[in-house]
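Peer 1: any chance you can model this:
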Amino acid sequence: MPQTPVLTPLSPETEAEIAALARRAEKAGGPLMKVISFAGNRAEGLMERIPAPIRIRIEDATAFALRRCYGVASAAHGSRLPSVGKHGHKVAAVMSGGLGGFGGMASSVVELPATVSIFFAAIQKVAAEHGFDPKEEAVRLECLRVFGSGMPFEEDDGTNTAFLASRIALTGAGAQGLIASVAPRLAAVLSQKLAAQTVPLLGAATGAAVNLAFISYYQELAHVRFSLLKMAKEHPEGEVLQSFRAASARPVRP
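Peer 2: Sure thing, here's the model as predicted:
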């Protein structure tokens with residue numbers, strides 16, 4: 001029978017690491033995401049004119065992409081994208097966003113599944129860097145949950161401080177239920193992304209910039225999430241969660 005690992009209490013050094021992760025999560029949005037948020041807000045009038053059928057297509061495309069990513073990940077490490085080095089996923093995201101924005105809203109909606117797939121593959125790569133097997137079901141679920149661990153374009157509603165809590169609350173939940181929960185939130189954010197790149201030609205540059213910001217954002221959240229999950233293998237999960245929440249609640253030092 002496999003032995004139960006012995007968990008050790010948090011040391012001051014580990015507490016400091018957790019505090020650094022909390023700061024990293026808080027800074028994930030960064031100045032660039034604030035600029036993109038401003039662009040999305042400026043496009044708000046355009047969003048209001050997006051027909052309801054297009055909004056439904058955006059959510060359907062997002063859910064389809066998440067289901068496809070989850071399924072493909074079980075068969076092969078990462079995605080079907082070729083390995084193109086350390087920054088390959090960022091390059092692919094920029095190209096996808098540029099091509100999607102080139103033709104305005106119509107091409108942007110078509111681009112969504114490819115973009116979500118690139119984001120997911122980048123998150124898987126982060127999981128592997130932290131010693132997790134991206135093909136394992138539990139790890140694939142954690143990759144999906146990164147999309148629900150706080151969203152850009154909105155104030156923190158507590159999800160940024162619930163990395164481990166979400167995992168505990170969703171124990172035993174299937175991938176389809178998780179996708180059904182994450183997809184509408186992600187689709188709402190991606191709608192703002194599309195609104196910011198609706199102007200043809202100009203939209204190409206915006207689409208590339210927004211995709212670069214998005215993939216950087218989710219990679220940062222993935223680093224935080226999988227670092228915490230790795231710590232939870234060595235220390236009591238409740239202590240890790242409590243320490244992270246406490247560090248997240250502290251004001252940022254100037």
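Peer 1: what does stretch 9-24 rub up against?
Peer 2: 161, 220, 223-224, 227-228, 231, 235-236, 239-240, 243-244, 247-248, 250, 252 (C-beta atoms under 8 Å, 6 or more residues apart in numbering). For every residue, glycine as well, the C-beta is placed using N, CA and C.
Peer 1: buried by neighbour count: which residues of stretch 57-69 qualify?
Peer 2: By 16 or more other C-beta atoms under 10 Å, the buried positions in stretch 57-69 come out as Arg57, Ile58, Glu59, Ala61, Thr62, Ala63, Ala65, Leu66, Arg67, Arg68, Cys69.
Peer 1: same check on stretch 212-232?
Peer 2: For stretch 212-232, by 16+ other C-beta under 10 Å, it's 212-229, 231-232.
Peer 1: return the subset of those residues lying in helices.
Peer 2: Among the buried residues of stretch 212-232, the members found in helices (DSSP state H) are 212-229, 231-232.
Peer 1: separation between Val189 and Ala138?
Peer 2: Counting by C-beta to C-beta, to the nearest Å, the gap from Val189 to Ala138 is 25 Å.
Peer 1: quickly find the element holding Ala114.
Peer 2: In this assignment (DSSP states H and E), Ala114 forms part of helix 105-129.
Peer 1: give the other helices and strands that that helix contacts.
Peer 2: Where contact means 3 or more C-beta pairs under 8 Å, 6 or more residues apart in numbering; DSSP states H and E, helix 105-129 is packed against helix 52-73, helix 88-102, helix 137-146, helix 175-195, helix 202-234.
Peer 1: rerun that using 6 Å as the cut-off
Peer 2: Applying 3 or more C-beta pairs under 6 Å, 6 or more residues apart in numbering; DSSP states H and E, we find helix 105-129 packed against helix 52-73, helix 88-102, helix 137-146, helix 202-234.
Peer 1: okay, those helices in TSV with mean pLDDT next?
Peer 2: Below are the helices and strands packed on helix 105-129 laid out as TSV (pLDDT from 0 to 100):
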stretch	mean pLDDT
helix 52-73	86
helix 88-102	57
helix 137-146	87
helix 202-234	82
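Peer 1: turn the ones you listed into JSON lines, columns for distance to Ala183.
Peer 2: Formatted as JSON lines, the helices and strands packed on helix 105-129 follow (distance: least, C-beta to C-beta, whole Å):
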{"stretch": "helix 52-73", "distance to Ala183": "4"}
{"stretch": "helix 88-102", "distance to Ala183": "19"}
{"stretch": "helix 137-146", "distance to Ala183": "10"}
{"stretch": "helix 202-234", "distance to Ala183": "15"}
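Peer 1: between the ones you listed, which one is closest to Glu129.
Peer 2: helix 202-234 (7.9 Å; C-beta to C-beta).
Peer 1: next structured bit after the closest one?
Peer 2: Downstream of helix 202-234, the first helix or strand assigned by DSSP H and E is helix 237-249.
Peer 1: in that following helix, which residues are buried?
Peer 2: Quick answer for helix 237-249 (16+ other C-beta under 10 Å): Glu237, Glu239, Val240, Leu241, Ser243, Phe244, Arg245, Ala247, Ser248.
Peer 1: just the closest of those to Ala52, please.
Peer 2: For those, the nearest to Ala52 is Ser248 (37.2 Å; C-beta to C-beta).
Peer 1: how near is the closest one to Lys135?
Peer 2: Ser248 is 31 Å from Lys135, where distance means C-beta to C-beta.
Peer 1: who's in contact with Ala127?
Peer 2: Residues in contact with Ala127 (C-beta atoms under 6 Å, 6 or more residues apart in numbering) are Pro134, Val139, Phe226.
Peer 1: let me have the buried residues of helix 237-249 in JSON lines, adding pLDDT as columns.
Peer 2: Output for the buried residues of helix 237-249, formatted as JSON lines (pLDDT from 0 to 100):
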{"residue": "Glu237", "pLDDT": "85"}
{"residue": "Glu239", "pLDDT": "90"}
{"residue": "Val240", "pLDDT": "89"}
{"residue": "Leu241", "pLDDT": "86"}
{"residue": "Ser243", "pLDDT": "92"}
{"residue": "Phe244", "pLDDT": "90"}
{"residue": "Arg245", "pLDDT": "87"}
{"residue": "Ala247", "pLDDT": "89"}
{"residue": "Ser248", "pLDDT": "85"}
